[in-house]
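Q: Below is the sequence, then the predicted model.
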Amino acid sequence: MGRTLGPFTDVSTARVDGAYEIYEGTDDEGRNIEILTLGISSSKDPSRRALLSDTVAWAHATRGPADAPILKADLNDEQPYVVTLRQTGYRGVERMLERMLAMGPATGPLPMTTGATTGQIPRVVHQHSNPHGIPAVPGSPAGSPVTPNSPMTPYLTAAKRTRPGWLIPIVIMLSLIVLGGGAFVVVLGLGSGDDMVADAQEEPPPMHDGAEPDVSLNLPEYLADLPPVDLFGPRFEGAEGTVVQPPGWPFAFRVPDGWNCQTGDPEHLMPVLTCKGSNGDNDAAPDALHLELVPCPGECGPRQREALEADWNSDPADRYDDDTLYFESGSASEYELSVSRFITPQQNAELNPEHLQLIVSGMSSTGDSTPLRQSINDIVTQTQTVD
């Protein structure tokens with residue numbers, strides 16, 4: 001007889017790496033599943049729980065055709081866990097485990113409970129980031145994020161190109177939902193007026209905990225008078241949504257109320273941003289949205305753009321305009337949307353390269369992709385050139 005984990009019974013151990021455990025079993029529908037969880041003692045470590053929570057959102061935002069879907073995740077359980085389908089030819093929870101191993105030592109405390117820098121978020125493309133591209137972390141197996149016999153080794157990866165030092169390595173905090181302390185979440189709800197002007201245009205918004213930040217980077221202004229884009233269907237109407245103002249970024253944008261966005265340190269430009277939605281009583285993992293600013297070299301001509309677009313997505317994509325490609329797929333329960341958009345910074349231009357590729361990757365498995373599409377429509381709207 002196997003053990004019981006959450007609602008699953010008769011599960012058996014498949015792999016143990018320090019604080020992390022993988023089990024195999026079947027769910028109540030008779031499907032073969034894999035379960036990634038924390039060990040009983042590690043489940044009491046808030047840093048480990050925070051890393052698991054962040055990794056589940058990362059897995060949603062980076063899921064590709066070769067990755068098994070997340071069937072269930074309970075990150076608030078006494079022993080938190082995430083479940084994927086176990087099927088030959090698909091990558092399951094192992095890719096999440098390998099990321100967690102790459103972000104810190106497999107055993108012992110993780111120094112991330114107060115927002116200290118903890119590791120690196122891999123670049124998100126439609127195909128998954130190369131796990132071998134995650135720098136080795138002392139204390140991880142064999143000094144590498146991927147062990148030699150790992151099932152993650154045969155990844156399909158996009159070629160990585162040289163980036164300027166300000167972009168690599170990208171260090172961001174991992175206490176997005178489970179832990180709030182130390183994470184700078186710079187958001188401000190829109191006012192109730194018809195002109196949709198955020199109060200933040202007059203003064204910097206307060207920190208998430210109500211404290212006044214010592215902001216050294218300018219916060220981008222939300223531009224309420226731009227013509228709205230509804231390329232992906234629904235968009236925010238009136239005063240809907242919450243404004244996100246990443247310090248030093250060339251634009252602000254809106255997400256649904258209740259979402260959490262990790263904008264980094266207001267004293268340092270972080271060209272990567274992750275947002276997660278609220279799934280309420282839904283058993284599925286919450287929506288995940290990932291944004292990245294990538295420098296486009298030189299004058300950002302056709303050859304440079306083609307190279308960056310090839311890095312972003314090797315599958316056929318649809319074109320919205322001369323600057324924008326997108327990939328969209330979905331089913332009754334799963335929805336994926338990825339956008340590559342070339343922009344010229346209109347705000348904080350002195351902090352950013354003259355030409356940028358904006359990569360936006362979103363994943364929803366809650367059965368309602370409306371919030372995700374609203375956010376991405378708003379991002380495309382806010383990155384229009386201002387005459």
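A: All right, it came through fine.
Q: which intervals of the chain have sub-threshold pLDDT?
A: Filtered on pLDDT under 70, the chain yields the residue ranges 1, 111-215, 279-284, 314, 386-387.
Q: Alpha carbons of the biggest helix by length in it, as CSV, please.
A: Longest helix of the chain, by residue count under DSSP state H: helix 46-61. Provided in CSV are the C-alpha atoms of helix 46-61 (Å, rounded to 0.1, in the frame of the first residue of the first chain):
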residue,chain,number,x,y,z
PRO,A,46,7.9,29.4,4.3
SER,A,47,10.8,29.9,1.9
ARG,A,48,10.4,26.5,0.4
ARG,A,49,6.6,27.0,0.1
ALA,A,50,7.2,30.4,-1.6
LEU,A,51,9.6,28.8,-4.1
LEU,A,52,7.1,26.1,-4.9
SER,A,53,4.3,28.7,-5.4
ASP,A,54,6.5,30.8,-7.7
THR,A,55,7.6,27.7,-9.7
VAL,A,56,3.9,26.6,-10.3
ALA,A,57,3.3,30.1,-11.8
TRP,A,58,6.5,29.8,-13.9
ALA,A,59,5.4,26.4,-15.1
HIS,A,60,2.1,27.8,-16.3
ALA,A,61,3.7,30.7,-18.1
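Q: what helices or strands is that helix leaning on?
A: If you count contacts as 3 or more C-beta pairs under 8 Å, 6 or more residues apart in numbering; DSSP states H and E, helix 46-61 packs onto strand 32-38, strand 70-74, strand 81-85, helix 94-102, strand 272-276, strand 288-295, strand 356-364. (Each C-beta comes from the backbone N, C-alpha and C, glycine too.)
Q: repeat that for 7 Å
A: strand 32-38, strand 70-74, helix 94-102, strand 288-295, strand 356-364 (3 or more C-beta pairs under 7 Å, 6 or more residues apart in numbering; DSSP states H and E).
Q: What are the neighbouring residues in contact with Ser364?
A: Asp287, Tyr335, Leu372 (C-beta atoms under 7 Å, 6 or more residues apart in numbering).
Q: Leaving out chain neighbours, which residue sits closest to the second one?
A: Right, Tyr335. In space, and not counting its chain neighbours, Tyr335 is closest to Ser369: 3.8 Å by C-beta to C-beta, 6 or more residues apart in numbering.
Q: What is the neighbour count of that neighbour?
A: With neighbours defined by other C-beta atoms under 10 Å, the count for Ser369 comes to 24.
Q: hey, where'd the helices end up in the protein?
A: So, for the chain - with DSSP H - the helices run 46-61, 94-102, 302-312, 370-382.
Q: what's the closest of those to Val339?
A: Closest to Val339 of the helices of the chain is helix 370-382 (C-beta to C-beta; 6.3 Å).
Q: looking at it, Ile40 is touching Gln79, isn't it?
A: Yes - between Ile40 and Gln79 there is a contact under C-beta atoms under 7 Å: 6.4 Å.
Q: Compare neighbour counts for those two and give me the winner.
A: Between Ile40 and Gln79, counting by other C-beta under 10 Å, Gln79 is the more crowded of the two (16 against 10).
Q: check contacts around that one.
A: Leu5, Thr37, Leu38, Ile40, Ser43.
Q: repeat that for 10 Å
A: Residues near Gln79 by C-beta atoms under 10 Å, 6 or more residues apart in numbering: Leu5, Gly6, Glu21, Thr37, Leu38, Gly39, Ile40, Ser42, Ser43, Lys44, Arg49.
Q: The closest residue to the first one other than its chain neighbours: neighbour count?
A: The spatially closest residue to Leu5, leaving aside those adjacent along the chain, is Val11, at 5.4 Å (C-beta to C-beta, 6+ apart). Neighbourhood size, Val11 [other C-beta under 10 Å]: 20.
Q: ok, back up a step: now the helices and strands packed on helix 46-61 in a markdown table, with distance to Thr344?
A: Output for these, formatted as a markdown table (distance: least, C-beta to C-beta, whole Å):
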| stretch | distance to Thr344 |
| --- | --- |
| strand 32-38 | 42 |
| strand 70-74 | 37 |
| helix 94-102 | 33 |
| strand 288-295 | 12 |
| strand 356-364 | 8 |
